[in-house]
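[1] Compute the structure for the input listed below.
(chains A and B, ligands or ions: 2)
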Amino acid sequence: MIRDITFGQFFPAKSPIHALDPRTKLVLVVAYIVMVFIGNNFFCLGLAAAFLILVTALSRVPVKMILRSIRPIWFVIAFTAILNIFYIQGEVLLFEWGFIHIYDRGVFTALFMAVRIILVVMGSSLLTYTTSPTDLTDGLERLLSPLKIFKLPVHEFALMMTIALRFIPTLIEETDKIMSAQKARGADLESGGLLRRVKALVPILIPLFVSSFRRAFDLATAMECRCYHGGEGRTRMKKLQMHAGDYWAFGVTILVFGGIIAASILLPKVY
Amino acid sequence: MPILETKELSYVYGQGTPFEKTAVDSVSIAIDEGEFVGVIGHTGSGKSTLVQHLNGLIKPTSGAVLLDGRDIWAEPKKIRSVRFEVGLCFQYPEYQLFAETVYKDIAFGPQNMGLSEDEVNSRVKSAAQFVSLKPELLEKSPFDLSGGEKRRAAIAGVLAMEPKVLILDEPTAGLDPKGRDVILGQIREYQKERGSTVLLVSHSMEDVARVSSKVLVMNESKCAMYGTVDEVFTRSSELAGMGLNIPQVTRIFLGLKARGYDVNTCVYTARQGRDEILRLLSKARGGAAT
Ligand SMILES: Nc1ncnc2c1ncn2[C@@H]1O[C@H](COP(=O)(O)OP(=O)(O)O)[C@@H](O)[C@H]1O
Ligand SMILES: [Mg+2]
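    Ligands and ions are numbered 1, 2, ... in the order given. Okay, the predicted model is just below:
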């Protein structure tokens, strides 16, 4: 069913990672991604993986859910790995058959790239698992607020994102319901040629559009009733605040970052 | 042989995720042809999930659904034909309207069945008549109808398929009392005239008592009771424990009985209550005379 698609879901729990300020998490995820890409040998990746394992353990998100985040991109990982295996040349020939030559360096690089992508995806999924969409956009709005001096509509952008994120599950549920209702009236969504299938979508898309517009108008009315008039002069009930945990998080990340830079300079590269 | 039967039917939402939820838990029921079954239960008790199994919209996690004694999932390719025999009208069906005119929307089901143009036409007309939609409304856009009319048009869309078993999921939800009475009356009328089997999902005991011959009570994903209206409603304290209240009149008569009056407690509407009181009074007067 449609709703089986996991979409960077929030996993509510009480943990030190959940309690971190969303700005901290956003900045540190970027730092983490940078360090994974700076690291150019397996020691660096090992350090990054250890860091990821530590954070995962602290976050109380089940490992199964984190592993699930790489499922949608298995293909990309496999594809990159295969390209690397076949294209990269090295000194030691491991395997030769017709025009296929596989070198030791190819295998290493393929493995290295795959681990790198997996680390990045798992790390960023941890951000969405431990931060609610509203917190995430709040954090983003605050981080980007300096751009306001360039007349960029940061607040509007953040609000649009909040609303979009808020309504994704609702729309998925709605689509599911409408599909079931039309199937109950004998709609055939699974067979026929391309044209028939596109036509079969009409009874689903029209009610979906109608209800999206209805929701949008309702939301606009509700916002106006609460005197919303843009971000100008708006105050917050829940102010974002840095706590001791945030400083610890920065400290640990800086240490790991330093370790990875040192290792990538001192130790031999993989590629 | 029952027309529709479930055998140890179970369904789990989100199996294998941390959000696992057993919505239907080994439900075994048998529904005979021509019966009017009311399905009641608290919100979230699994009523909607259960009825979506009956026309093959949901495939059971375990157990089976038998239609005329045959497992509907025996040939998964033919599941569409099951949906023409078991018609399901969803909760808030007005949100599924899509065509340019009410006529075309009601005709969607019959057309999917591959019926001839004439047959479709006559079915649309008679379905519209059942839900008392005026013929001139048929040429209007469904989005221009009033709330109650939309609801009736959507129900007509399912009636027009003339299913052997008709299932309605909370057809009166969100309607005013008058609109509710009208729709219940029309469903009752349809059932009487066609002799088809009807399942009516509702969380209103009053509605169910008024129209059903049998009642299925769902509680926490399980089938808590299944029997005639009288059988189920005499267990009022158990029902109250499930957050369900039997109709007010019935409660009055159960109270009278408990206080030693010789009354019939199978009273579900104000009218029946009046008749029963009159009977009691005339009996008392007759007793005094002799
Ligand atoms: N699509 C779904 N995904 C996950 N859980 C669901 C879904 N639909 C219903 N549920 C859950 O299953 C249970 C039964 O729901 P439902 O059958 O809709 O009950 P009812 O119709 O009696 O109100 C509820 O706890 C509900 O939260
Ligand atoms: Mg329901």
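[2] Find the closest residue to chain A in chain B.
    Nearest residue of chain B to chain A: residue B:112, at 3.2 Å (Cβ to the nearest Cβ). For the C-beta atoms, the positions are set from N, CA and C on the backbone; glycine is no exception.
[3] Could you report the neighbour count for residue B:197?
    By other Cβ atoms under 10 Å in any protein chain shown, the residues close to residue B:197 number 22.
[4] and the closest residue in space to it that isn't next to it in sequence, bridged to which residues?
    In space, and not counting its chain neighbours, residue B:197 is closest to residue B:165: 4.5 Å by Cβ to Cβ, 6 or more residues apart in numbering or on different chains. Bridge pairing for residue B:165 (DSSP bridges) gives the partners residue B:86, residue B:197.
[5] Least confident secondary structure element in chain A?
    In chain A, no helix or strand scores lower on mean pLDDT, DSSP states H and E than strand A:93-97, which sits at a mean of 78.
[6] Could you list the residues in contact with stretch B:223-237?
    The contact list for stretch B:223-237 (Cβ atoms under 8 Å, 6 or more residues apart in numbering or on different chains) reads B:27-29, B:38, B:41, B:205, B:208-209, B:212-218, B:238-239, B:242, B:246-247, B:250-251, B:254, B:265-266, B:268.
[7] and the least confident helix or strand of chain A, what does it pack onto?
    strand A:100-103 (3 or more Cβ pairs under 8 Å, 6 or more residues apart in numbering or on different chains; DSSP states H and E).
[8] Enumerate the residues of the stretch 1-150 of chain B near chain A.
    B:17-18, B:52, B:55, B:57, B:80, B:83-84, B:87-90, B:93, B:95-99, B:108-109, B:112-113, B:143 (Cβ under 8 Å from any Cβ of the partner chain).
[9] mind listing what residue B:52 touches?
    Contacts of residue B:52 (Cβ under 8 Å, 6+ apart): A:180, B:58, B:88.
[10] Quick check on the residues you listed: which are buried?
    By neighbour count, with 16 or more other Cβ atoms under 10 Å in any protein chain shown, the contacts of residue B:52 hold A:180, B:58, B:88 as buried.
[11] Now tell me what touches the least confident helix or strand of chain A from outside.
    With Cβ under 8 Å, 6+ apart, strand A:93-97 has contacts from A:101, A:102, A:103, A:104, A:107.
[12] mind saving the C-alpha coords of it as CSV?
    This file holds the C-alpha atoms of strand A:93-97, laid out as CSV (Å, rounded to 0.1, in the frame of the first residue of the first chain):
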residue,chain,number,x,y,z
LEU,A,93,44.9,-7.7,-11.2
LEU,A,94,42.4,-9.8,-9.3
PHE,A,95,40.2,-11.1,-12.1
GLU,A,96,40.2,-11.1,-15.8
TRP,A,97,37.6,-12.3,-18.3
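[13] how far does it sit from the chain's center?
    Strand A:93-97 sits 38 Å away from the centroid of its parent chain (Cα atoms, centre = their mean, to the nearest Å).
[14] what pairs with that strand, and is each one parallel or antiparallel?
    Strand A:93-97 has these strand partners (DSSP bridges): strand A:100-103 (antiparallel).
[15] Where does pLDDT dip in the stretch 151-290 of chain B?
    Where the stretch 151-290 of chain B drops to pLDDT under 70, the residues are B:287-290.
[16] Next, count neighbours for whatever residue of it ends up closest to ligand 1.
    Residue of the stretch 151-290 of chain B nearest ligand 1, by Cβ to the nearest ligand atom: residue B:218 (6.2 Å). By other Cβ under 10 Å, 29 other residues sit near residue B:218.
[17] is it in a bridge, and if so with what?
    Here residue B:218 sits in beta bridges with residue B:41, residue B:223, going by DSSP bridges.
[18] give the contact list for it.
    Applying Cβ under 8 Å, 6+ apart to residue B:218 gives the contacts B:27, B:39, B:40, B:41, B:45, B:46, B:47, B:50, B:224.
[19] Buried ones from those, can you make that a ChimeraX selection?
    Buried members of the contacts of residue B:218 can be picked out in ChimeraX with the line below, counting by 16+ other Cβ under 10 Å:
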select /B:27,39,40,41,45,46,47,50,224
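[20] quick revisit: just the ones of the buried ones among the contacts of residue B:52 in helices?
    Among the buried ones among the contacts of residue B:52, the ones falling in helices (DSSP state H) are residue A:180.
[21] hmm, which two among the contacts of residue B:218 are most spread apart?
    Across the contacts of residue B:218, the longest distance by Cβ to Cβ is 14.0 Å; it joins B:27 and B:40.
[22] mind listing the helices for the stretch 101-250 of chain A?
    For the stretch 101-250 of chain A, the helices defined by DSSP state H, counting those that start in this stretch occupy A:104-130, A:133-144, A:154-184, A:194-225, A:244-266.
[23] Which secondary structure elements does the last one sit against?
    Spelled out, that is helix A:244-266. Applying 3+ Cβ pairs under 8 Å, 6+ apart, one finds that helix A:244-266 makes contact with helix A:22-38, helix A:42-59.
[24] My read is that residue B:61 contacts residue B:14, right?
    No - contact criterion Cβ atoms under 8 Å: residue B:61 and residue B:14 do not qualify, at 11.1 Å.
[25] And the pLDDT at residue 150?
    This is for chain A. On pLDDT, residue A:150 comes in at 89.
[26] I was after chain B.
    Listed pLDDT for residue B:150 reads 94.
[27] Residue B:37 belongs to a helix, doesn't it?
    No - per DSSP: H, G, I helix; E, B strand; the rest coil, residue B:37 lies outside any helix segment and is strand.
[28] give me every residue that touches the closest residue to residue B:135 other than its chain neighbours.
    Excluding its sequence neighbours, the residue lying closest to residue B:135 (Cβ to Cβ, 6+ apart) is residue B:128, at 7.1 Å. By Cβ under 8 Å, 6+ apart, the contact set of residue B:128 is B:102, B:106, B:135, B:137, B:138, B:153, B:156.
[29] Equivalent analysis for residue A:188, please.
    Neighbouring residues of residue A:188 by Cβ under 8 Å, 6+ apart: A:200, B:80, B:112.
[30] quick one: it and residue B:111, what's the gap?
    11 Å (Cβ to Cβ, to the nearest Å).
[31] returning to that earlier point: out of the residues of the stretch 1-150 of chain B next to chain A, which are buried?
    For the residues of the stretch 1-150 of chain B next to chain A, a neighbour count by 16+ other Cβ under 10 Å gives the buried set as B:52, B:55, B:57, B:80, B:83-84, B:87-90, B:93, B:95-99, B:108-109, B:112-113.
[32] Tally up the residues packed near the residue of the stretch 151-271 of chain A found nearest chain B, please.
    Nearest residue of the stretch 151-271 of chain A to chain B (Cβ to the nearest Cβ) works out as residue A:186 at 3.2 Å. Residue A:186 has 19 neighbouring residues, counting by other Cβ under 10 Å.
[33] What backbone torsions are found at the residue of the stretch 1-150 of chain A found nearest chain B?
    Distances between the stretch 1-150 of chain A and chain B by Cβ to the nearest Cβ are smallest at residue A:62, namely 6.2 Å. Dihedral pair for residue A:62: phi -60, psi 140, per degrees, to the nearest 10.
[34] any idea how far it is from ligand 1?
    18 Å (Cβ to the nearest ligand atom, to the nearest Å).
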